[in-house]
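K.L.:
Generate a structure from the sequence data that follows.
(one chain, ligands or ions: 2)
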Amino acid sequence: MSGTSRAGLQPDVGVLLAAGGVGERAGTAGPKQLHLIAGVPMLLRSVRPFAQHPRVGPIIVALPESVVKQPPAWLESLASDRLRLVAGGATRGESVRLALEALEDAVDIVLVHDAARPFVERDTIDAVLGVAVTCGAVPALPVTDTLKMCDSEAGEVVETVDRARLWRAQTPQGFPREMLRQAYERTEASAVASYTDEAALVQAAGFQVRLVPDLASNIKITTATDLALAELLATE
Ligand code: CTP
Ligand code: MG
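P.N.:
Ligands and ions are numbered 1, 2, ... in the order given. As a prediction, the model looks like this:
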């Protein structure tokens with residue numbers, strides 16, 4: 001099936017969009033993923049590159065329950081058989097688990113993406129898809145800052161951490177569908193929240209994960225400063 005799918009005949013990729021947070025640190029009036037960046041909602045920006053990708057079929061968006069019940073008009077008009085809105089959970093991992101449960105079996109590869117990353121490029125998606133056929137794939141950037149470990153409130157430095165082998169993990173992360181399903185099956189519900197990305201959960205369940213190079217522009221919007229930066233980065 002994958003062979004014909006890659007020829008563009010049939011979509012073989014499903015997308016889970018983690019959009020179930022409240023965006024507390026961003027300080028926006030409502031959830032940050034609904035906030036406008038240069039006039040376009042953040043969530044719309046993060047979902048667009050996937051919706052436009054020929055290999056992508058179903059897209060499941062996990063949102064706060066209140067938003068699923070009363071979506072803004074632009075989001076309601078986006079929803080379809082292909083793009084479905086589901087209620088997320090208390091943590092990011094829980095939201096992804098609920099979105100995965102809503103995804104049909106007929107996809108070979110699953111991509112998990114943060115709604116808070118509105119500038120993901122097609123090249124990153126394709127690089128992840130290239131690896132996610134056989135193992136987990138994580139777009140990542142080498143750490144460029146000098147890293148200090150600090151144990152005290154007074155700020156005393158314990159150690160400077162060697163960054164030579166350290167990478168910053170981003171999204172979209174890609175997995176063979178069956179691998180992600182089994183990884184969640186093998187993980188206690190109470191432990192899901194302790195993993196800050198799917199790759200960590202998948203690796204803890206015994207599967208292999210590889211890094212693929214990402215672009216620095218694929219930033220996560222966390223704070224009000226990131227929102228201001230996003231306004232500058234938005235080109236359309
Ligand atoms: N997320 C989710 N379900 C949750 C919490 C977070 O799907 N229960 C999503 C967010 O919507 C976001 C991504 O996970 O797209 C990364 O999380 P983060 O940047 O921490 O977003 P928030 O949790 O919304 O922000 P904050 O932690 O500042 O409240
Ligand atoms: Mg959060």
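K.L.:
Show me what from the protein comes close to ligand 1.
P.N.:
Listed as neighbours of ligand 1 in the chain under the rule CB under 6 Å from any ligand atom: 18-25, 32-33, 62, 88-92, 95, 114-116, 220, 222. Yep, even glycine has a C-beta here, placed from its N, CA and C like the rest.
K.L.:
If any of those are buried, put those into a PyMOL selection.
P.N.:
In PyMOL, this line selects whichever of the residues of the chain next to ligand 1 come out buried by 16 or more other CB atoms under 10 Å:
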select buried, resi 18+19+20+21+23+32+33+62+88+89+91+92+95+114+115+116
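K.L.:
Report how many residues lie close to the closest residue to residue 195 other than its chain neighbours.
P.N.:
The shortest distance from residue 195 to any residue other than its chain neighbours is 4.1 Å, reached at residue 201 (CB to CB, 6 or more residues apart in numbering). Applying the criterion other CB atoms under 10 Å, we find 25 residues in the vicinity of residue 201.
K.L.:
And the pLDDT at residue 201?
P.N.:
Residue 201 carries a pLDDT value of 97.
K.L.:
ditto for residue 97
P.N.:
According to the per-residue confidence, residue 97 scores 96 in pLDDT.
K.L.:
The helix or strand harbouring it packs against which elements?
P.N.:
When secondary structure is defined by DSSP states H and E, residue 97 falls within helix 92-101. In terms of contacts (3 or more CB pairs under 8 Å, 6 or more residues apart in numbering; DSSP states H and E), helix 92-101 is packed against strand 13-18, strand 56-63, strand 83-87, helix 177-186, helix 198-204.
K.L.:
And the following helix or strand past the second one, what's buried?
P.N.:
In other words, strand 56-63. Scanning forward in sequence from strand 56-63, with DSSP H and E defining helices and strands, the next element found is helix 65-69. For helix 65-69, the neighbour count (16+ other CB under 10 Å) marks 67-68 as buried.
K.L.:
Stretch 112-125: how far from the chain's middle?
P.N.:
7 Å (CA atoms, centre = their mean, to the nearest Å).
K.L.:
Mind jotting down where the helices sit in this protein?
P.N.:
2-6, 42-51, 65-69, 73-78, 92-101, 122-131, 177-186, 198-204, 224-233 (DSSP state H).
K.L.:
nearest to residue 215, of the ones you listed?
P.N.:
Smallest distance to residue 215 across those (CB to CB): 6.1 Å, for helix 122-131.
K.L.:
For that closest one, give me every contacting residue.
P.N.:
Residues from elsewhere that reach helix 122-131, judged by CB atoms under 8 Å, 6 or more residues apart in numbering: 13, 49-50, 53, 55, 109, 111, 137-139, 172-174, 210, 212-215, 218.
K.L.:
try stretch 197-207
P.N.:
Contacting residues not belonging to stretch 197-207 are listed as 93, 96, 112, 135-136, 138, 169, 171, 173, 175, 179-180, 182-184, 186-187, 192, 195, 209 [CB under 8 Å, 6+ apart].
K.L.:
related to what we said a few turns ago, just the buried members of the contacts of helix 122-131?
P.N.:
With neighbours counted using 16+ other CB under 10 Å, the contacts of helix 122-131 contain these buried positions: 13, 49-50, 53, 55, 109, 111, 137-139, 172-174, 212, 214, 218.
K.L.:
what's near enough to touch the residue minimising distance to the centre of the chain?
P.N.:
Closest residue to the average C-alpha location of the chain: residue 113 at 1.9 Å, with CA atoms, centre = their mean. For residue 113, the residues meeting the contact criterion (CB under 8 Å, 6+ apart) are 15-18, 46, 50, 120, 171-173.
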